[in-house]
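Participant: what shape does this take:
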Amino acid sequence: MHRRLRATVSRLVLTAYSCRMTTEEEPSSAHAAGIAPGRADQPLFIATIGLSSFTLFSFELLAGRLVLPVFGGAPSVWTTALCFFTGVVFFGYLYAHLIATRLGQRVGGVVHLAVAMTVAGAALLAPTDLTTLRYPGMPAALNVLLVLLVVAGAPAFLLATTTPLLSAWFSGRGRNPWWLYAVSNAASLAGLLAYPLLIEPFVPLSAQRTAAGIVLVVYLVLLLGVVVSGLRARPAAPVTPTRIERSARPALRQQAAWLFAAAIPAGLLSATTTHLATDHVSAPLLWIGPLGIYLGSFVIAFSARGRRVLPLAEKLVPAAATLMWVPFIARVAWPAPVLIATLLASFAVLAVAIHGRLALSRPDERHLTGFYLVVSAGGLLATAFVALVAPLVLNDVYEYPILLVGGLVALSLLPGAAWTPKAGRGAALQAAGTRLLPYLAMSALVVGAVAVQSLDSALFVGALSMVGALAIIAGRSPRALAVASTLAILATLLVFSPTPLVRVRSFFGITEVREARSGTARSAIHGTTLHGLQFADARRLEPTAYYVRSGPLGDVIDNLHERRPAGANIGLVGLGIGTSAAYQRPTDSMTYFEIDQSVVDLARDRRYFTYLSDAPNTPRIVIGDGRLSLATEPSATFDLLILDAFSSDVVPAHPLTREAMRGYVRALKPGGVIAFHLTNRHFELVPAVAETARSIGLDARARTYAPDAGEQERLAAEPSMWLVIGGPEDMAWFDAADWVEPGVGPILTDDYSDTMRLLRWR
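Facilitator: Modelled structure (predicted):
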């Protein structure tokens, strides 16, 4: 299997060269640097641009992997990282634009080489302990940007300057530079695939950081070769940088269209990634899906062979647009493979269509760096909106449908012919058929997915009707489709979307409080996952959902009461609505560790939940990442630790590693045990966590709970999976309670934790 994966990456690298072979090779009209044309140095340009792009995007995933544990594995870490690296690319392109247009290639080459060596030296000074850069008083998004700036800013900036600057120099040597953009994006895509498939599964983090430094040195050697080749080349007719005539520059309206068209796919990239990472896994293999499609759409758009598929992509846009917003509107817990495949395929169609229009409207190569700059600015604005602005001003992921409509508007701003049906007999029928067939295919997919999930029929019929109207009536232009999309989304939101009692959004996600139709219970929903439920009647003090007394947590508490009859000190990582406080005795003390302040505020608000206020002793709450916060607690503090810190089935690996468990054991009193709530729709966590515990001399037992109909009716009991770990002598009690010994799994460590091996593919 790994041979096939390596072969896939190799083919992507070869694609970069084939992009050159299938792109127009007319001579450049701009000799901005005054260097005579030549082909001997072409492989050097390809190698330098290819290595820089490959390394930049592999390094982006590495940086995200390093920063993720510092912020609790929150999905927004990756969205913020996308914003950061998009910003780095923008400033790299701005630097390249200034060097290319203000300095000749010879002077600019020497200046850039000096800057590159300085920046590379600064990269070697980056700290290795990132927890020292975590400031709880700083907004989380800004803190992530700060950590990334310190850790990755210097090398990322250097690598980001390469494609536009070397493309401009290549143009100055009399060659068409546009195919180098496809080379760059193909190499970037290869880097994205190589990291989760070939690097992360086999190379420890410490070795990855060392390898990144070595690759940076190789890059500097290649860059030196490019600069030296420019110094040794035969001078062409002298030309000053002012040769780029002001009158020939693209109009502001054209640049605004580029900006908008570049922004929409970048924004959809961030929004789609957030949606997938919130409800599935915050890990590089899932991150690369949307980002790989985004880069691949550039490869297609900027190569002559790839542009042949643009008319087909544009014809599929109505179906793609509707498919992308149906999961958002319906709020259905779709099967993971169906949801991921649907969203990624739809995003691919939109990205190819929009980037294709962008490529067709590109300017003369004299304005190459300016075009790159505008495109990168659009990406920066969009990712900043999704990562930084939307969580502050929108209480749900409304940026997702906003960007979908924006994508359709973008298609109307740039030239293209695929949207306009041919005139003559049968034109209306042809247009209707073009829209109707994708809709029918999409309807079959939605019906199949909903049949599995038994969605409320009214909501389903309403959403599907809106989709049908959208796909059929808007067949003539992207403007009509944009208007129809807006109306359909608004109507479905107003008529069919459930209205929660309250909805709060933070850096760590969106939490809703909903009330049952009978008014007897309220629940907290994070994404699509239930995080707690409390009754408003006589059952108010009873633990519910995953935490019922007849379930695994009830066993854990019974064991605690036998071990510590006079009282116990309990630590809990993850608050939810505070359901576990229902187990507290007057002689017990509880400390919750919760990373999200908005969750704390909801749990404390008596208008919604009262578990915390009803507890015999008010639990102490510590704001911060559970693992890092526990490290600050005195040794031998807790009789029981309960870890229940996963939100919406996201799996941050760092609370489950061997090093993390050693920290938990340090915080336990002798004879204490640790309970993990490992219920998850997409990952088989129990064997890996159990094996990791065994690697430090502990033992483990697991219990799968399937409530009967009576428990479900009386206490809204939910199926759950729990694991307890402790010394071998502590497991006898759980053996008697019918807990079982888990099977063998991989060991998770801080240096090596490939959680994708744990994914349930069925």
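
Participant: next one, pLDDT for the residue nearest to residue 103 when sequence neighbours are not counted please.
Facilitator: Leaving aside its chain neighbours, residue 103 sits nearest to residue 111 (6.4 Å; criterion: C-beta to C-beta, 6 or more residues apart in numbering). No exception for glycine: its C-beta is placed from N, CA and C like everyone else's. At residue 111, the pLDDT value in this model is 87.

Participant: and what of residue 340?
Facilitator: pLDDT, residue 340: 76.

Participant: just checking, what packs against the helix or strand the residue nearest to residue 103 falls within?
Facilitator: For residue 111, the host element (DSSP states H and E) is helix 105-123. Counting contacts by 3 or more C-beta pairs under 8 Å, 6 or more residues apart in numbering; DSSP states H and E, helix 105-123 packs against helix 76-102, helix 140-160, helix 162-172, helix 205-232.

Participant: including mean pLDDT and distance to residue 367, could these go into TSV?
Facilitator: Converted to TSV, the helices and strands packed on helix 105-123 look like this (pLDDT from 0 to 100; distance: least, C-beta to C-beta, whole Å):
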stretch	mean pLDDT	distance to residue 367
helix 76-102	87	10
helix 140-160	90	19
helix 162-172	80	10
helix 205-232	84	21
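
Participant: which of those helices sits most buried?
Facilitator: Most buried of the helices and strands packed on helix 105-123, by mean neighbour count (mean count of other C-beta atoms under 10 Å): helix 162-172, with a mean of 27.

Participant: can I get it in CSV, CA atoms only?
Facilitator: Output of helix 162-172 as CSV, limited to C-alpha atoms (Å, rounded to 0.1, in the frame of the first residue of the first chain):
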residue,chain,number,x,y,z
THR,A,162,10.0,32.0,-4.4
THR,A,163,7.3,31.4,-7.0
PRO,A,164,6.4,35.0,-7.9
LEU,A,165,10.0,36.3,-7.8
LEU,A,166,11.6,33.5,-9.8
SER,A,167,8.6,33.6,-12.2
ALA,A,168,9.3,37.3,-12.8
TRP,A,169,13.0,36.6,-13.3
PHE,A,170,12.2,33.8,-15.7
SER,A,171,9.9,36.1,-17.7
GLY,A,172,12.8,38.6,-17.8
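
Participant: what's the closest non-adjacent residue to the most centrally placed residue in the chain?
Facilitator: The chain has residue 273 as the residue nearest its centroid, 3.8 Å off, counting by C-alpha atoms, centre = their mean. Once flanking residues are discounted, residue 273 sits nearest to residue 290: 4.8 Å by C-beta to C-beta, 6+ apart.

Participant: which strand or helix spans that neighbour?
Facilitator: helix 284-301.

Participant: list the contacts for the nearest residue to residue 533 once chain neighbours are set aside?
Facilitator: Leaving aside its sequence neighbours, residue 533 sits nearest to residue 523 (C-beta to C-beta, 6+ apart; 4.2 Å). Contact analysis of residue 523 by C-beta atoms under 8 Å, 6 or more residues apart in numbering lists 513-514, 516, 530-534.

Participant: go again using 7 Å as the cut-off
Facilitator: Contact analysis of residue 523 by C-beta atoms under 7 Å, 6 or more residues apart in numbering lists 514, 530, 532-533.

Participant: which two among these are spaced furthest apart?
Facilitator: 514 and 532 (11.4 Å; C-beta to C-beta).

Participant: measure the residue nearest to residue 383 when sequence neighbours are not counted to residue 151 for me?
Facilitator: Excluding the flanking residues, the one nearest residue 383 by C-beta to C-beta, 6+ apart is residue 83, at 4.1 Å. Using C-beta to C-beta, to the nearest Å, residue 83 is found at 15 Å from residue 151.

Participant: also residue 619?
Facilitator: Distance, residue 619 to residue 151, using C-beta to C-beta: 35 Å.

Participant: and for the residue nearest to residue 192 when sequence neighbours are not counted, the neighbour number?
Facilitator: Among residues not flanking residue 192 along the chain, residue 288 sits closest, at 4.5 Å (C-beta to C-beta, 6+ apart). Neighbour count of residue 288, defined by other C-beta atoms under 10 Å: 23.

Participant: show the contacting residues for residue 288.
Facilitator: With the criterion set at C-beta under 7 Å, 6+ apart, residue 288 makes contact with 192-193, 196.

Participant: return the item of those having minimum pLDDT.
Facilitator: The minimum pLDDT among the contacts of residue 288 falls on residue 196, with 80.

Participant: did I read that right, that one in a strand?
Facilitator: No. Counting by DSSP: H, G, I helix; E, B strand; the rest coil, residue 196 is not found in a strand; it is helix.

Participant: follow-up on the earlier one: list the contacts of the residue nearest to the centre of the chain.
Facilitator: Residue 273 makes contact with 78-79, 82, 287, 290, according to C-beta under 7 Å, 6+ apart.

Participant: make TSV out of those residues and add distance to residue 589.
Facilitator: TSV is the format used below for these (distance: C-beta to C-beta, whole Å):
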residue	distance to residue 589
78	37
79	37
82	42
287	40
290	45
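
Participant: quick one: low-confidence parts of the stretch 301-450 of the chain?
Facilitator: For the stretch 301-450 of the chain, the stretches flagged by pLDDT under 70 are 306, 325-337, 365, 368, 412-450.

Participant: how about the helices of it, start to end?
Facilitator: 310-330, 336-360, 368-384, 390-393, 399-413, 427-453 (DSSP state H, counting those that start in this stretch).

Participant: just the stretch 501-650 of the chain next, same as before
Facilitator: Counting by DSSP H, counting those that start in this stretch, the segments of the stretch 501-650 of the chain that form helices are 552-563, 597-604, 611-614, 626-630.

Participant: and the second one, what does it pack against?
Facilitator: What that stands for is helix 597-604. Packing contacts for helix 597-604, counted by 3 or more C-beta pairs under 7 Å, 6 or more residues apart in numbering; DSSP states H and E, involve strand 502-506, strand 509-515, strand 620-623.

Participant: same deal with the shortest one?
Facilitator: Applying 3+ C-beta pairs under 7 Å, 6+ apart, one finds that helix 611-614 contacts no other helix or strand.

Participant: buried residues, it. List them.
Facilitator: Using 16 or more other C-beta atoms under 10 Å as the test for burial, helix 611-614 gives 611-612.
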